[in-house]
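[1] Mind looking at a prediction? Sequence and model below.
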Amino acid sequence: MTTLLDRPRPTIKETAPPDSVLGEYRALAETIGYQPSELNTIVLNALLADHHIPVYDYDEVHRYLISLCPDWLIYSWKILRRRHSYASDRVRNHGEYNYVPYDKPIPIHILRRAALLRGKNHDLEFFASDFNTASGDPFLLVRNVSARAVIGAWDEPGFEGLPEVG
């Protein structure tokens, strides 16, 4: 039996490197087709810092989500938007990416955060944690090629779903 952990809390990243240095490095790297994972991380962290978006420690979120799972259940990160074909939603390990789209309602403040980031970088992919057969508070993950950050969470039982149309 797994011990249930407290839900992690986010922090706001420190300011990013100056745009001039990052921009020049990024432009030069793109010119030659060089895409190091460290650059992806710097670019993603700079974007999050520029917009004061709180970030959860991925390892803490991972341990927390595992603590919510009974022994027979595995959580995955389900993509929000279908971009790839998929054969099944079978995942074998906790925290795997699942390309079957997430189909549950998401609060508008979480959608606004994702839309803001997507407007700044169209290469970003967004995923929500999902348990398939059990409930738990979902988290939102953003991925930029090899970089990732958990940038939101919401209360599944307390969230009422989509806004009503009057």
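    Perfect, thanks for sending it.
[2] what stretches of the protein score poorly on pLDDT?
    1-4, 14-20, 82-91, 132-135, 157-166 (pLDDT under 70).
[3] Contacts only, for the spatially most central residue of it.
    In the chain, the centroid-proximal residue (C-alpha atoms, centre = their mean) is residue 141; its distance is 0.4 Å. Counting by C-beta atoms under 8 Å, 6 or more residues apart in numbering, residue 141 makes contact with 77, 126, 127, 128, 129, 148, 149, 150, 151. Every C-beta, even on glycine, is put in place using the N, C-alpha and C of the backbone.
[4] Find out how far the helix or strand containing residue 27 is from the centre of the chain, if you would.
    Using DSSP states H and E, the element containing residue 27 is helix 19-31. Offset of helix 19-31 from its chain centre (C-alpha atoms, centre = their mean, to the nearest Å): 25 Å.
[5] and if you look at stretch 127-140?
    12 Å.
[6] how about that stretch: buried residues?
    127, 128, 129, 130, 131, 136, 137, 138, 139, 140 (16 or more other C-beta atoms under 10 Å).
[7] Among the residues you listed, which are located in strands?
    Within the buried residues of stretch 127-140, membership in strands is found for 127, 128, 129, 130, 139, 140, as judged by DSSP state E.
[8] For these, work out which two are farthest apart.
    Pairwise distances across those peak at 11.3 Å for 130 and 140 (criterion: C-beta to C-beta).
[9] one step back: so what's the residue nearest to the centre of the chain bridging to?
    Taking DSSP bridges as the rule, residue 141 bridges to residue 127, residue 150.
[10] hang on, the earlier thing: want to throw the ones in strands among the buried residues of stretch 127-140 into TSV with distance to residue 73?
    Listed next are these as TSV, based on distance: C-beta to C-beta, whole Å:
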residue	distance to residue 73
127	18
128	16
129	12
130	11
139	16
140	20
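[11] Appreciated, that's everything.
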